[in-house]
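> Dropping the sequence and predicted coords here.
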Amino acid sequence: QVQLVESGGGLVHPGGSLRLSCAASGFTLDYYSIGWFRQAPGKEREGVSYIIILNGSTRYADSVKGRFTISRDNVKKTVYLQMNNLAPEDTAVYYCARRRLATTNTLDPKTYDLWGQGTQVTVSS
């Protein structure tokens with residue numbers, strides 16, 4: 001079955017950390033980049049980071065640079081998002097999604113064709 005499954009969300013205090021996982025199955029991961037997105041209530045879906053599976057190249061939104069790190073385990077077919085120094089404004093449902101490799105790469109969610117079900121991240125004291 002072709003799918004992405006996120007896990008690792010939860011409730012964390014400001015300044016805390018979480019690691020999200022995105023497990024891929026049913027397709028060859030090397031042909032894609034995997035992005036992490038988030039959507040807070042009443043807001044549009046926002047691109048957070050992506051990683052090109054083949055070469056490990058990454059990109060981050062300005063709002064998370066220096067705090068979030070994306071990585072992949074090709075053997076486990078899993079992409080991770082390590083989130084440190086979390087703040088209340090990071091509260092959202094986090095999704096991973098795939099995008100077929102192209103000459104240019106983007107965090108535009110409209111260009112991603114397969115999405116996971118999402119995992120809730122809540123940052124609150």
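The structure has been received and is ready for your questions.

> Over to residue 109: give its phi and psi.
phi -60, psi -20 (degrees, to the nearest 10).

> Ignoring the adjacent residues along the chain, who's closest to it?
residue 45 (5.0 Å; C-beta to C-beta, 6 or more residues apart in numbering). The way it works is simple: take the backbone N, C-alpha and C, and place the C-beta from them, glycine included.

> what does residue 108 give?
Leaving aside its chain neighbours, residue 108 sits nearest to residue 47 (6.9 Å; criterion: C-beta to C-beta, 6+ apart).

> Just the pLDDT at that neighbour, thanks.
What the model reports as pLDDT for residue 47 is 97.

> Residue 111 now?
We have a pLDDT of 93 for residue 111.

> distance of it from residue 19?
Between residue 111 and residue 19 the distance is 26 Å, computed by C-beta to C-beta, to the nearest Å.

> so who does the residue nearest the centre of the chain touch?
Using C-alpha atoms, centre = their mean, the residue of the chain that lies closest to the mean C-alpha position is residue 36, 2.1 Å off. Contacts for residue 36 were tallied using C-beta atoms under 8 Å, 6 or more residues apart in numbering; they are 20, 22, 47-50, 70, 79, 81, 94-96.

> Name the nearest residue to it, ignoring sequence neighbours.
Nearest in space to residue 36, with sequence neighbours left out and distances taken as C-beta to C-beta, 6+ apart, is residue 48 at 4.4 Å.

> Remind me what whatever helix or strand that neighbour lives in packs against, helices and strands.
Under the assignment given by DSSP states H and E, the secondary-structure element containing residue 48 is strand 46-52. With contacts defined as 3 or more C-beta pairs under 8 Å, 6 or more residues apart in numbering; DSSP states H and E, strand 46-52 has these neighbours: strand 32-39, strand 58-60, strand 68-73, strand 78-83, strand 92-100.

> how about a cut-off of 6 Å?
Where contact means 3 or more C-beta pairs under 6 Å, 6 or more residues apart in numbering; DSSP states H and E, strand 46-52 is packed against strand 32-39, strand 58-60, strand 68-73.

> Can you tell me which of those is most buried?
Using mean count of other C-beta atoms under 10 Å, the stretch among the helices and strands packed on strand 46-52 with the greatest mean number of neighbours is strand 32-39 (a mean of 24).
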